[in-house]
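K.L.:
have a look; sequence and predicted model below, questions after that.
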Amino acid sequence: MRRVKELEGLLKDKKSLYLTLILSICYILPLIVANYEYLDDYGRNLHGYGWQHDGRYLATFLGKIWSVNSSIFSIFPFSTILSALILGFTGYILSELLEIEKGKLIRWTPLLILTMPTFLGNLVFKFDCLPMALSLFLIVFPFVFYNSWKVFFVISIIGVFLSFGLYQSSATCYFMVGSIFLIREILANAWKLFFYRFFLMMVSFIIAFLCYILILKLGDLQMSDRTETIFGTLFFDSLVANKNLFTERLVTLLYTGNYRYLISFFIITNLIGIVYYFNTSFKKLFIILSVLAILVINVCLISGVNILLKNTYWDLRTFCGLGFFLLNVSFFQKYLKSKFIDLARISSFVIIFFSFVLMAQFGRVLKNQTEFQNNIAIELNTFFKEKDIKKVAFIGTLRIASRNEFIYNKFPLFTNLLSSPIGQYSAWTKEALNYNGRLNSIEVIDGSNLLCQGLIIEENELYTITQVDNETLLIDFNKNNCN
């Protein structure tokens, strides 16, 4: 079969592939050891619901398959391990297609997708990680058939359509993958093929998106409530505001450890390949500018469609394009010569090594936060023993574990990826505290109008507890001064 032959050509170097997969599993070991309940994991563990309310109906379908049940259950740690293997395999296929580090036993570039720092917030999900990883694989897989336009066109429609149903933020990465193939056409001065392939990508993406919307309409399924675009009134003001948020998130990432220096070293050493290419080929300013323009567009696509949406998530876990941008930049190392080749491989190793260090710290942060939250839950549950207590309200949010403060200071990325699930604005406060079932019959209410009412029954450096009346407690993590 054609598909088998296409893949066989990419998977000849079994040793290199196996090493990539082994390193992929090693990377996620801190997550498995930490065993942290992250955000939506609380609700899905208790109620077994899916993602159809966010328009991710295929993720729900997949969850029911792995659960062998009408409800969805966690298969952690297998979900995390499978996600790592899928992303490692995805990176390996893409590096083979682009002929990066060809012939090397240990390859670092295939790990760039799995180990992108922004994806830490995705891998930590015990439920979401698998559909998220699979969605990234599905937008890469069509390019296995890039040289056969008919197959590529059909598989692109299917892959992007499935990706939308699994995790919408991944779908725009299709263009980031496609952009490096288009750069290849530019470098070969094959403009006719460039425009033809670009047309196929655009049409296949639009068809996939329309089919996705059609399924939502026919099935009367909900889409995410964050789908309104900025087009219309105040467009430029909204665009500037989103650009500022995007820049703010990138600055947070760049100032995590020494990442700004490492990624600069990586980008500069790899892009020297452009200089080598034009010294040995032809010199056309327009072609150089076209390549650089596509790379700039890649940077804008790192956050997916966030830049064009109102009230969207600006969590770094939606920045799925970072790994593809890094892998696209590494494409130019194939044109390097002499010591610059080794320098580029060193820069790839350093950036991967940093990601392993970051993952190790993330594992520590998760473990410390789990222990801290469990201790707080035990303390607070002593106040729910009284049967008269029927309602509880919260002000503010429980702070991070004191043992994590130093790590947060050195790695500010974690401030965006992890905060306490216990507090006024968290949907998971009751689930996080209800480890012994005492809160089953207690209602969580809004505490905005209860501040400074009643009698203080407990006060410490973390919170103040006030008994508002015989059946209501107010837990104030902001420790407001009511004197």
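P.N.:
Great, that's in hand. Numbers count the residues shown, from 1 in each chain.
K.L.:
tally up the residues packed near Asn328, please.
P.N.:
Asn328 has 23 neighbouring residues, counting by other C-beta atoms under 10 Å. To be clear about C-beta, it is placed using only N, CA and C from the backbone, and glycine gets the same treatment.
K.L.:
which residues touch it?
P.N.:
Asn328 sits next to 176, 179-180, 183, 295, 298 when contact means C-beta atoms under 8 Å, 6 or more residues apart in numbering.
K.L.:
from Phe89, how far out is Phe164?
P.N.:
Distance of Phe164 to Phe89, given as C-beta to C-beta, to the nearest Å: 21 Å.
K.L.:
so these two - more neighbours on which side?
P.N.:
Between Phe164 and Phe89, counted using other C-beta under 10 Å, the more crowded position is Phe164 (27 against 21).
K.L.:
show me the contacts for that one.
P.N.:
Counting by C-beta under 8 Å, 6+ apart, Phe164 has contacts 55, 171, 208-209, 212.
K.L.:
which ones among those are found in helices?
P.N.:
Using DSSP state H, 171, 208-209, 212 are the members of the contacts of Phe164 that sit in helices.
K.L.:
among those, who's most crowded?
P.N.:
Highest neighbour count within the ones in helices among the contacts of Phe164: Ala171, with 27 neighbours (other C-beta under 10 Å).
K.L.:
what residues does stretch 256-263 touch?
P.N.:
Contacts for stretch 256-263 (C-beta under 8 Å, 6+ apart): 117, 253-254, 326, 347, 350-351, 354, 357-358, 410-413.
K.L.:
what average pLDDT does the longest helix belonging to the chain get?
P.N.:
Longest helix in the chain by number of residues (criterion: DSSP H): helix 339-381. The pLDDT scores in helix 339-381 average 90.
K.L.:
next one: stretch 291-307
P.N.:
The average pLDDT within stretch 291-307 is 84.
K.L.:
what does stretch 447-460 give?
P.N.:
Mean pLDDT, stretch 447-460: 81.
K.L.:
stretch 473-483 too?
P.N.:
For stretch 473-483, the mean per-residue pLDDT is 81.
K.L.:
outside of that stretch, which residues touch it?
P.N.:
For stretch 473-483, the surrounding residues in contact (C-beta under 8 Å, 6+ apart) are 380, 383-384, 389, 391-399, 422-424, 447, 450-454, 459, 462-468.
K.L.:
among those, name the buried ones.
P.N.:
Among those, the ones that count as buried by 16 or more other C-beta atoms under 10 Å are 380, 383-384, 389, 391-399, 422-424, 447, 450-451, 454, 463-468.
K.L.:
how about the helices in the stretch 351-483 of the chain?
P.N.:
Using DSSP state H, counting those that start in this stretch, the helices of the stretch 351-483 of the chain run over residues 405-410, 413-417, 429-433.
K.L.:
now those helices in TSV, with mean pLDDT, mean neighbour count and distance to Val154?
P.N.:
Output for the helices of the stretch 351-483 of the chain, formatted as TSV (pLDDT from 0 to 100; neighbours: other C-beta atoms under 10 Å; distance: least, C-beta to C-beta, whole Å):
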stretch	mean pLDDT	mean neighbour count	distance to Val154
helix 405-410	90	13	47
helix 413-417	87	21	37
helix 429-433	78	21	44
